[in-house]
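K.L.:
Sequence and computational prediction follow.
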Amino acid sequence: MAFKVIVLAIVAVLAVSCSGAEIGPRITDMYNIDQCDTARARTKLLETNLYEDAQSQTYIKRIIRYPETGIKTDEINCIRVLNMDPSRDGGYPRIVSGGIGATDVEIEIISQWGKPLNYRIEIWA
């Protein structure tokens, strides 16, 4: 009986402390980045597709920068780097600098050994 009361108390405390709390950015897996606050993402800043054929016996490395040049003042609220390769032979994206809450972002994508890159990139403010 005491154990049940303790468990219910813990659940109640967690429910109260987490209600309305921001979950924050999430990364769905090692092939995709999906960091998005859909409630705040209103303006599309960048939408592009990246496709590179496989290169034998090597990796492919690509850098995506927003903005490409100049200075922007829009705060980034959403970054999606989605692997579009149906065989799951995608690469490994990572945010190198900037990102959510910043006005710029640099994303690096490295392919698997001898595999192509096929990504859709979206950045929203």
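P.N.:
That came in fine, so what should we check first?
K.L.:
So which residues make contact with stretch 36-51?
P.N.:
Outside of stretch 36-51, the residues within contact range by C-beta atoms under 8 Å, 6 or more residues apart in numbering are 22, 62, 64, 66, 72, 74, 76-80, 84, 100, 109, 116-125. Backbone N, C-alpha and C define where each C-beta goes, glycine included.
K.L.:
from the chain's centre, how far out does it sit?
P.N.:
From the chain centre to the centre of stretch 36-51 is a distance of 10 Å (C-alpha atoms, centre = their mean, to the nearest Å).
K.L.:
and what of stretch 33-42?
P.N.:
9 Å.
K.L.:
all strands for the protein, in order.
P.N.:
26-29, 32-36, 44-52, 61-66, 78-83, 92-98, 105-110, 117-124 (DSSP state E).
K.L.:
Columns mean pLDDT and mean neighbour count on top of those strands, output as TSV?
P.N.:
What follows is those, written out as TSV (pLDDT from 0 to 100; neighbours: other C-beta atoms under 10 Å):
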stretch	mean pLDDT	mean neighbour count
strand 26-29	64	11
strand 32-36	93	18
strand 44-52	96	14
strand 61-66	97	15
strand 78-83	96	22
strand 92-98	96	16
strand 105-110	97	19
strand 117-124	96	21
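K.L.:
Against R40, how distant is the residue lying closest to G90 once chain neighbours are set aside?
P.N.:
In space, G90 comes closest to N83 once its chain neighbours are excluded; the distance is 3.4 Å by C-beta to C-beta, 6 or more residues apart in numbering. For N83, the distance to R40 equals 25 Å [C-beta to C-beta, to the nearest Å].
K.L.:
ditto for Q57
P.N.:
44 Å.
K.L.:
just R65 next, same as before
P.N.:
Taken as C-beta to C-beta, the span from R65 to R40 is 22 Å.
K.L.:
on that earlier part again, compare Q57 and R40 (neighbour count), which wins?
P.N.:
Counted by other C-beta atoms under 10 Å, Q57 and R40 do not tie: R40 has more neighbours, with 12 against 6.
K.L.:
Could you check the pLDDT of the more buried one?
P.N.:
At R40, the model reports a pLDDT of 87.
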